[in-house]
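>>> I need the structure of the sequence given here:
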Amino acid sequence: MILRLLKTLASVRVTLALILSLSLIFLLGLWVPQRSLVQGDLYVRWRTASPALVSVLEKLGLTDIYTAPLTLTLWVLFFLNLSLVMWQRASVIRNKLASDQSVPEYPAAGYPLKASLELFSVRSVDAATASLERNGYRIFGSPERFHAVKNRFSPLASLLFHLSFYLLLLGGVIGIYTKFTGLVDLAQGEAFNGELERYLASPRIPKLGTIPDARLFIEKVEPEVTAGIPTGIRVIISDPRGTRSIAEVNRPYRTGSTSFVIKDLGVAPLFVLRDQRGRELDGAFVKLNVLGGKQDVFIMGGLELTVRFFPDYVIKDGIEGTRSEEFKDPVFSIHVQQNKHFVARRTIRPGDTAIALNGYRLSLPEMRYWVRFLVVKEQGEGIVYAGFALAVIALIWRLVFYRRELIGNVVEDNGRRVLHLKGQAEFFQALFEDEFEKLKQRVRSENT
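Okay, the predicted model is just below:
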């Protein structure tokens, strides 16, 4: 019973069924938003907008499809199938390599290419086998009756190809259980020492391992503008050793196994609040998420300030706006409230020093920028890359250096010595036919 079950699991039909099932799972994962990939607020908004649909998808496990019990079961069955296939292949390959050293009885079946070459001397037999050896064939038997094999160990590439799947699985499992993801906002002139409390919302904590121990300092944040259109962000970062690196939108900053990927840009103006005598009451670089027409709110000195930002300020028909997204004339429009009561509405530019606010004075001596980084740490990437590399090497070995076999038998025919050759190849029969013809020509030329 168990042997029959194992034989069924090792069948080609089961392999194809498992591959198709896993492919369907991956397609569903691309179509259905995944809880682990969608940002928390977006997922909550989706669930609020479609509660019935999301509830059904969650019950079916489709919103966490890559770790759902069905997916894990399919993976277990797939690698069990792979192990059984490897075990079967290993015994077949072992028997084949052992049989290479024996010489099949002539005429042997299964060798489609044939040739008969007349040998004009006793030394011609040795010359024929020597010619085959120079062309990469290993000779087993005697010059009178031999078995020649080229790329004898090529079948081992099949086992290496199957082994690469185990490396991919191991790397993937390590990546899943050691993965950390979180968002952190860092402004120019700000240091970051990996503090967990500085991440936004709830970062994804790894099930195994630790959070990123990344220490860096943001030296400069430079928006890049081409023809008045923002095209990128350039962030200059230094580590505790003083080594400088540059991060860009498509060029993450990497330190060890941790990557800092740029996700968003914002402005960080330095607001300073003073009283009428000029004494400083409060001041800070405030990270505002106000680009693209958004507005943000912050509290300073008991005042609630609602801010809008115009990169290239203009007033048209009495309405504030921006001519372009380029930072040509940046202006902050501020709506001030105190104890929920309207106090004032002001505009302030970088460099302004004394904007009156109901007994206070607000200044903006400097404006910097901040960047939102997606911080990702995961182990196992090296193992995954090794798995891909092993798979590529195995495919090249198997298909480029494919196995060829020749059987040679020298017989007496009406006083002549004749070498009968038969040949076969695992793949690319047309190419092997050309090679077989060239081998015949070489043997003939060295036989004359």
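>>> so which helix or strand takes in Leu183?
Leu183 belongs to strand 180-187 when elements are defined using DSSP states H and E.
>>> So which elements touch that strand?
Taking 3 or more Cβ pairs under 8 Å, 6 or more residues apart in numbering; DSSP states H and E as the contact definition, the neighbouring helices and strands of strand 180-187 are strand 216-226, strand 258-275, strand 360-377. The C-beta positions use only the backbone N, C-alpha and C, and glycine is treated the same way.
>>> Given the last one, what are its sheet partners and their directions?
Strand pairing for strand 360-377, using DSSP bridges, gives strand 180-187 (antiparallel), strand 258-275 (antiparallel), strand 355-357 (antiparallel).
>>> got it, and the first one?
Using DSSP bridges, the strands paired with strand 216-226 in its sheet are strand 191-192 (antiparallel), strand 229-238 (antiparallel).
>>> tell me the mean pLDDT for the shortest one?
Meaning strand 191-192. Mean pLDDT, computed over strand 191-192, is 94.
>>> now stretch 387-401: how far from the chain's centre is it?
Its chain's C-alpha centre and that of stretch 387-401 lie 20 Å apart, by Cα atoms, centre = their mean, to the nearest Å.
>>> List the contacts of Ile383.
Applying Cβ atoms under 8 Å, 6 or more residues apart in numbering, we find Ile383 in contact with Leu167, Leu168, Leu170, Gly171, Ile174.
>>> and with 10 Å instead?
Counting by Cβ atoms under 10 Å, 6 or more residues apart in numbering, Ile383 makes contact with Tyr166, Leu167, Leu168, Leu169, Leu170, Gly171, Gly172, Val173, Ile174, Gly175.
>>> So which residues of the stretch 51-200 of the chain form helices?
Taking DSSP state H, counting those that start in this stretch to define them, one finds helices in the stretch 51-200 of the chain at 51-59, 69-99, 123-134, 156-178.
>>> The first one packs against which elements?
Using 3 or more Cβ pairs under 10 Å, 6 or more residues apart in numbering; DSSP states H and E, the elements in contact with helix 51-59 are helix 40-49.
>>> Out of the helices and strands packed on strand 180-187, which is closest to Gly351?
Across the helices and strands packed on strand 180-187, Gly351 has its closest neighbour in strand 360-377 (6.9 Å, Cβ to Cβ).
>>> how much distance is there from the very next helix or strand once past that closest one to the middle of the chain?
Elements were assigned by DSSP H and E; along the chain past strand 360-377, the next helix or strand is helix 381-399. Distance of helix 381-399 from its chain centroid, counting by Cα atoms, centre = their mean, is 15 Å.
>>> average pLDDT for helix 381-399?
Averaged across helix 381-399, pLDDT comes to 91.
>>> after that helix, next one along is what?
The C-terminal neighbour of helix 381-399 among helices and strands, as given by DSSP H and E, is strand 404-413.
>>> Off-centre distance for stretch 194-211?
For stretch 194-211, the gap between its own C-alpha mean and the chain's C-alpha mean amounts to 22 Å (Cα atoms, centre = their mean).
>>> Quote the end-to-end distance of it.
The straight-line separation of the ends of stretch 194-211 (Cα to Cα, to the nearest Å) is 8 Å.
>>> In that stretch, which residues are buried?
For stretch 194-211, a neighbour-count test (16 or more other Cβ atoms under 10 Å) marks Gly194, Tyr199, Pro203, Pro206, Gly209, Ile211 as buried.
>>> Of the contacts of Ile383, grab the buried ones for ChimeraX.
Here is the ChimeraX command that picks out the buried ones among the contacts of Ile383, judged by 16+ other Cβ under 10 Å:
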select :166,167,168,169,171,172,174,175
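>>> Out of the contacts of Ile383, which two sit at the greatest distance?
Set against one another by Cβ to Cβ, those have their most distant pair in Tyr166 and Gly175, with a gap of 14.6 Å.
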